[in-house]
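Asker: sharing a model prediction with you, sequence too.
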Amino acid sequence: MNDFELILGSAVRLAAPLMFAAIGEWIAERAGTLNISVEAMMLGGAFTAVTGAVATGSPEFGLLCGIVTGLVVALIHANLSHRLSVNTYVVGLTLNVLVLGLTSYLADKTEFFQVAKVAIPWLSDLPIIGSALFDVRWTTYLLIALIPLAWWLVQRSRWGLEARAAGENPQSADVTGIHVNKRRRQALLICGLLGGLAGAHLAVAEVGTFNTNMTAGRGYIVLAAVIFGGWTLRGALAGCLLFGAADALRLALPALGYELNAQLLIASPYLLALAAMFFLAKSHRGPAALGAPFVRGIT
């Protein structure tokens, strides 16, 4: 396996958890919720995935625990933001800090658990891309079904039409009988499910154990990826691949003998995220009511 194949394989592994979370974040943002708590969903999902795997000896059960944790974080965020009208940014940041503190306090040395790798016959033998795309942990293949399903849900289903209306013009949507905050809560719950899966995938598929703050701001990179992609699904996924490639280069270049500033390499994915937000946030228009609370009768 040559250096390029190694970097490509690393980029795919690092991008996969970002892509799970980005699908959910894209759905939430199209419905009008800027979900800052995606970091809490991922970190909580990673912690409980490993905890569940250690308790039962099953990494698959750990994955389920991670998904449930992401869903719980989403339920808290959705009810505080869309039922009690608490500022969604404050709720998101509070949940991020809370989950970071809880997982840091509860974290302990754990056993090593990973889901199995699955190689697809013939495809895994393809040159350059074979091992990177078709010889991976089985959870990575879930993206093959999730991506078209998410696109159909938002772009073609009645639910998706109503959710997009809630994100673009909630007052008009309300007049037509759409329950705006209900659609936003539902979109946030989907984001929680996928954010928990993202963290669980990172922990029990790629790393195999839990480390304090192991998501290391990946939730914020997911936010940047959705903006980078112009609030389109394909663009968000491309952003995840780009950030995953930047992270892979950060890890690979020193091993390949290139002498570069270590601190700059560590910061490179986050600098790329900042640059993407700076140059693209104003050139692409997001949902008109993104982040704006909905109160019936107030425009």
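Answerer: That came through, no problem.
Asker: when you work out contacts or count neighbours from here on, use the C-alpha atoms and nothing else.
Answerer: OK.
Asker: right, and A166 touches T176 too?
Answerer: No. Using C-alpha atoms under 8 Å, A166 makes no contact with T176, being 11.0 Å away.
Asker: more neighbours: which of the two?
Answerer: A166 (30 against 10; other C-alpha atoms under 10 Å).
Asker: and that one, how far is that from G52?
Answerer: 36 Å (C-alpha to C-alpha, to the nearest Å).
Asker: which ones are touching the nearest residue to T140 once chain neighbours are set aside?
Answerer: Distances taken as C-alpha to C-alpha, 6 or more residues apart in numbering place A16 nearest to T140, at 6.5 Å, with adjacent residues excluded. A16 is in contact with T140, A198, C240, counting by C-alpha atoms under 8 Å, 6 or more residues apart in numbering.
Asker: what average pLDDT does stretch 128-143 get?
Answerer: On average, the pLDDT along stretch 128-143 is 88.
Asker: with stretch 246-257 instead?
Answerer: 75.
Asker: what about that stretch, distance to the chain center?
Answerer: 23 Å (C-alpha atoms, centre = their mean, to the nearest Å).
Asker: got the buried residues for that stretch?
Answerer: A246, D247, A248, L249, R250, L251, A252 (16 or more other C-alpha atoms under 10 Å).
Asker: what helix or strand is the first one on?
Answerer: Secondary structure here is read from DSSP states H and E; on that basis A246 sits in helix 233-255.
Asker: for that helix, packing partners?
Answerer: Counting contacts by 3 or more C-alpha pairs under 8 Å, 6 or more residues apart in numbering; DSSP states H and E, helix 233-255 packs against helix 3-30, helix 218-228, helix 262-280.
Asker: between the ones you listed, which one is nearest to L64?
Answerer: helix 3-30 (14.5 Å; C-alpha to C-alpha).
Asker: now that closest one: buried residues?
Answerer: In helix 3-30, counting by 16+ other C-alpha under 10 Å, buried: 5-30.
Asker: quick one: the helix or strand just after that helix to helix 218-228, angle?
Answerer: Remark: after helix 3-30, the chain's next helix or strand is helix 38-56, criterion DSSP H and E. Helix 38-56 runs at 130 degrees relative to helix 218-228, counting by axes from the mean of the first three to the mean of the last three C-alpha atoms, to 10 degrees.
Asker: between the helix or strand following helix 38-56 and helix 38-56, how big is the angle?
Answerer: Proceeding N to C from helix 38-56, the next assigned helix or strand is helix 59-82, under DSSP H and E. Counting by the same axes, to 10 degrees, helix 59-82 lies at 150 degrees to helix 38-56.
Asker: can you show me the CA trace of the very next helix or strand once past helix 59-82 as PDB?
Answerer: Using DSSP H and E, the next helix or strand after helix 59-82 towards the C-terminus is helix 88-106. Taking Å, rounded to 0.1, in the frame of the first residue of the first chain, the C-alpha atoms of helix 88-106 are listed here in PDB:
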ATOM      1  CA  THR A  88     -31.000  27.900  21.300                       C
ATOM      2  CA  TYR A  89     -27.400  29.100  21.200                       C
ATOM      3  CA  VAL A  90     -27.200  29.200  25.000                       C
ATOM      4  CA  VAL A  91     -28.800  25.800  25.300                       C
ATOM      5  CA  GLY A  92     -26.400  24.300  22.800                       C
ATOM      6  CA  LEU A  93     -23.300  25.700  24.400                       C
ATOM      7  CA  THR A  94     -24.500  24.700  27.900                       C
ATOM      8  CA  LEU A  95     -25.100  21.100  26.700                       C
ATOM      9  CA  ASN A  96     -21.600  21.000  25.100                       C
ATOM     10  CA  VAL A  97     -19.900  22.200  28.400                       C
ATOM     11  CA  LEU A  98     -22.100  19.900  30.500                       C
ATOM     12  CA  VAL A  99     -21.400  16.800  28.500                       C
ATOM     13  CA  LEU A 100     -17.700  17.600  28.300                       C
ATOM     14  CA  GLY A 101     -17.600  17.900  32.100                       C
ATOM     15  CA  LEU A 102     -19.600  14.800  32.800                       C
ATOM     16  CA  THR A 103     -17.600  12.600  30.400                       C
ATOM     17  CA  SER A 104     -14.300  13.900  31.700                       C
ATOM     18  CA  TYR A 105     -15.400  13.200  35.300                       C
ATOM     19  CA  LEU A 106     -16.800   9.700  34.600                       C
END
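Asker: in helix 88-106, which residues are buried?
Answerer: So, applying 16+ other C-alpha under 10 Å, buried residues of helix 88-106: T88, Y89, V91, G92, L93, T94, L95, N96, V99, L100, T103.
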